[in-house]
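Chemist: here is a sequence with its predicted model. Questions after.
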Amino acid sequence: MMDSPDTKLGIVCAASDTGTLRRRLLASPALQSISLPMVVVYGAPNAAVVLDTAYSSGFDVDWWLWLHQDVILPEGWFDSFHKQLA
């Protein structure tokens, strides 16, 4: 499953631990079969800095999904998300 033509998704993550990010979010089953723009910001003093970094990244997205570094997205998560948007 990929983004629907009407909804372009990107992921933004404020991170503090590369190992946790790799073992959890980046290893999520839902992320293994798709390619989405992702912005990871380390050491941001606040959420506004992270948001500004995502918005300034130049990625063409409609929705930035704010995900914590230790989240695991199960297979089918994006299908469910798109159904909720419909």
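Modeler: Structure's in. What do you need?
Chemist: do you know the pLDDT at the residue nearest the centre of the chain?
Modeler: The geometric centre of the chain, computed from its C-alpha atoms, lies nearest to residue 11 (C-alpha atoms, centre = their mean), at 2.0 Å. Model confidence at residue 11, expressed as pLDDT, equals 97.
Chemist: quick one: contacts for residue 46?
Modeler: With contact taken as C-beta atoms under 8 Å, 6 or more residues apart in numbering, residue 46 is in contact with no other residue. Every residue, glycine included, has its C-beta placed from N, CA and C.
Chemist: all further residue positions should be reported with the first residue as 15.
Modeler: That works, and once the first residue is 15, the last one we named lands at residue 60.
Chemist: for it, give me phi and psi.
Modeler: Taking degrees, to the nearest 10, you get phi -160, psi 170 for the backbone angles of residue 60.
Chemist: separation between the residue nearest to the centre of the chain and residue 46?
Modeler: For residue 25, the distance to residue 46 equals 14 Å [C-beta to C-beta, to the nearest Å].
Chemist: residue 31 now?
Modeler: When C-beta to C-beta is the yardstick, residue 31 and residue 46 sit 21 Å from each other.
Chemist: just list what the helix or strand of the chain with the lowest mean pLDDT packs against, helices and strands only.
Modeler: Of all the helices and strands that make up the chain, the one with the lowest confidence by mean pLDDT, DSSP states H and E is helix 91-99; it has a mean of 89. Identification of packing neighbours for helix 91-99 by 3 or more C-beta pairs under 8 Å, 6 or more residues apart in numbering; DSSP states H and E yields no helix or strand.
Chemist: please put the alpha-carbon coordinates of that helix into PDB.
Modeler: What follows is helix 91-99, C-alpha atoms only, in PDB (Å, rounded to 0.1, in the frame of the first residue of the first chain):
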ATOM      1  CA  TRP A  91      -1.300   0.500   9.700                       C
ATOM      2  CA  PHE A  92      -1.300   2.900   6.700                       C
ATOM      3  CA  ASP A  93      -4.300   1.200   5.200                       C
ATOM      4  CA  SER A  94      -6.200   1.800   8.400                       C
ATOM      5  CA  PHE A  95      -5.000   5.400   8.600                       C
ATOM      6  CA  HIS A  96      -6.200   6.100   5.000                       C
ATOM      7  CA  LYS A  97      -9.600   4.600   5.800                       C
ATOM      8  CA  GLN A  98     -10.000   6.900   8.700                       C
ATOM      9  CA  LEU A  99      -9.200   9.900   6.500                       C
END
